[in-house]
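Novice: Structure for the following, please:
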Amino acid sequence: MSTTVLAAGDHFVLPRLLTEEVRAATADAVDVRELTLPWPHTPFGPVGEVIEASGTEDELIEALQGVEVCVTQMAPLTERILANCPDLKLMCISRGGPVNANLEAATRHGVAVCYAPGRNAVATAEHTLTLLLAAARGVGDTHTDLRAGVWRGDYYDYDNCGIEIEGATVGLIGYGAIGSRVAKVLLAMGANILVHDPYVKPELLTGIAEQVSLDELLTRSRIVSLHARVTDETKNMIGAAQIARMPRGSVLVNCARGALLDYEAVCDALDAGRLAGAAFDVYPQEPVPTDSRLLRTPGIVMTPHIAGASQEVAHKASRIVAAEVARYLRNEPLAHCANPEVFAGRA
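Specialist: Numbering: from 1, shown residues only. Model prediction:
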């Protein structure tokens, strides 16, 4: 009897991509059902007790009847869903972390939860570089002016000119899968790289970057880019006091998480001329409210949380979770399981 799998995709990680990869990884030895969730056409949000999820508990409960394995990106996994889906044994979430799953409840119900680390590292690193370069050269404001029919020759004034990457000191706060990729490209462009990451292994920095304290990174760097995870330790780690330590005319970039940064302090620094530019893909509130200062402060380049959006990411995410399904069917250890104790002792 074949295993029943639910491919609960959305309009980014498509159900058909999940289905194709699962069938390829399992030699078509599964019965796959498909469900399309509304994200991103409908923003994600809290569902039951979990966050950043798409769809409803009722539709997942209905879709998961008789299903042993679910592969998804945004489907919620809540206490109520678990209590009403007794056949479910494996939930594979194609994201960098299983934020849309109640791990404690899943463990109690004997459901293993997997995730897909590094799926969007390349896309996010490339997008970070795009925004970094745009902010360093004033592309946001010049683009807006030109689209409005205004030719601003005064951007050639010395005080309005941007800065080059070659020879600049760039500080990266966080040196994981994304920050390390950004560092290598900037190094190739001739930048001097500083890193603040208490958890990075020193050998990973050899020949690429210098590990320094946060204070030293801020005082020496003309460009600072955030790549840290949000923890109690990093939440609001960059505020007015930290920005004040940066050299006048510096650039600040955040494609990581909005909770790392005080955006009001950034706007104050831009208005005062302390910062020359900033670039953001993430925000304290998403979508950005129409009355936000970010929308009217000059010098900011913005994108709507799309750093991790590429067609390649959708394919990588599907392949990573499909490989976990194949391991599960072969009774092998799972590679990226958030609660491995569920299957402890498996051969």
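Novice: OK, contacts around Ala24?
Specialist: Ala322 (CB atoms under 8 Å, 6 or more residues apart in numbering). Yep, even glycine has a C-beta here, placed from its N, CA and C like the rest.
Novice: swap in the one 10 residues further on?
Specialist: Glu34 sits next to 6-9, 15-16, 18-19 when contact means CB under 8 Å, 6+ apart.
Novice: pLDDT below threshold where in this protein?
Specialist: Along the chain, the model assigns pLDDT under 70 to residues 1, 345-347.
Novice: quick one on the thing from earlier: a markdown table for the contacts of Glu34, including distance to Ile93?
Specialist: Formatted as a markdown table, these follow (distance: CB to CB, whole Å):
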| residue | distance to Ile93 |
| --- | --- |
| Leu6 | 13 |
| Ala7 | 13 |
| Ala8 | 10 |
| Gly9 | 12 |
| Pro15 | 15 |
| Arg16 | 18 |
| Leu18 | 11 |
| Thr19 | 16 |
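Novice: The stretch 51-200 of the chain: strands as residue ranges?
Specialist: Here the stretch 51-200 of the chain has its strands, by DSSP state E, counting those that start in this stretch, at 69-72, 90-93, 112-114, 169-173, 192-196.
Novice: before we move on, the earlier item: which members of the contacts of Glu34 are classed as buried?
Specialist: By neighbour count, with 16 or more other CB atoms under 10 Å, these hold 6-9, 15, 18-19 as buried.
Novice: JSON lines for the residues you listed, including distance to Pro298 and secondary structure?
Specialist: Formatted as JSON lines, these follow (distance: CB to CB, whole Å; DSSP: H, G, I helix; E, B strand; the rest coil):
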{"residue": "Leu6", "distance to Pro298": "48", "secondary structure": "strand"}
{"residue": "Ala7", "distance to Pro298": "45", "secondary structure": "strand"}
{"residue": "Ala8", "distance to Pro298": "43", "secondary structure": "strand"}
{"residue": "Gly9", "distance to Pro298": "40", "secondary structure": "strand"}
{"residue": "Pro15", "distance to Pro298": "43", "secondary structure": "helix"}
{"residue": "Leu18", "distance to Pro298": "43", "secondary structure": "helix"}
{"residue": "Thr19", "distance to Pro298": "47", "secondary structure": "helix"}
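Novice: Serialize the residues you listed to JSON lines and add fields for distance to Ile81.
Specialist: Listed next are those as JSON lines, based on distance: CB to CB, whole Å:
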{"residue": "Leu6", "distance to Ile81": "12"}
{"residue": "Ala7", "distance to Ile81": "17"}
{"residue": "Ala8", "distance to Ile81": "11"}
{"residue": "Gly9", "distance to Ile81": "17"}
{"residue": "Pro15", "distance to Ile81": "18"}
{"residue": "Leu18", "distance to Ile81": "18"}
{"residue": "Thr19", "distance to Ile81": "21"}
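Novice: Help me confirm that Asp215 is found in a strand?
Specialist: No - Asp215 is assigned helix when assessed by DSSP: H, G, I helix; E, B strand; the rest coil, not a strand.
Novice: And for it, the neighbour number?
Specialist: Applying other CB atoms under 10 Å, we find 11 residues neighbouring Asp215.
Novice: can you check Val22 too?
Specialist: Neighbourhood size, Val22 [other CB under 10 Å]: 28.
Novice: Contacts only, for Leu133.
Specialist: Leu133 sits next to 139, 165 when contact means CB under 8 Å, 6+ apart.
Novice: run the last query once more with 10 Å
Specialist: Each residue near Leu133 by CB atoms under 10 Å, 6 or more residues apart in numbering is listed here: 139, 162, 165, 186, 189, 223, 251, 253, 279, 301.
Novice: if we can go back for a sec, of the strands of the stretch 51-200 of the chain, which is nearest Ala307?
Specialist: strand 169-173 (15.1 Å; CB to CB).
Novice: Okay, angle between the closest one and strand 192-196 too, please.
Specialist: Calculated by axes from the mean of the first three to the mean of the last three CA atoms, to 10 degrees, strand 169-173 forms an angle of 20 degrees with strand 192-196.
Novice: So in that sheet, which strands flank strand 169-173, and in what orientation?
Specialist: strand 192-196 (parallel), strand 223-226 (parallel) (DSSP bridges).
Novice: In CSV: the ones you listed, plus distance to Arg80.
Specialist: Shown next, in CSV, are the strands paired with strand 169-173 (distance: least, CB to CB, whole Å):
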stretch, distance to Arg80
strand 192-196, 42
strand 223-226, 36
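Novice: For Ile51, find the nearest of those.
Specialist: Using CB to CB, the nearest of the strands paired with strand 169-173 to Ile51 is strand 223-226, at 20.8 Å.
Novice: Sort out which residues of that closest one are buried, please.
Specialist: Buried residues in strand 223-226 (16+ other CB under 10 Å): 223-226.
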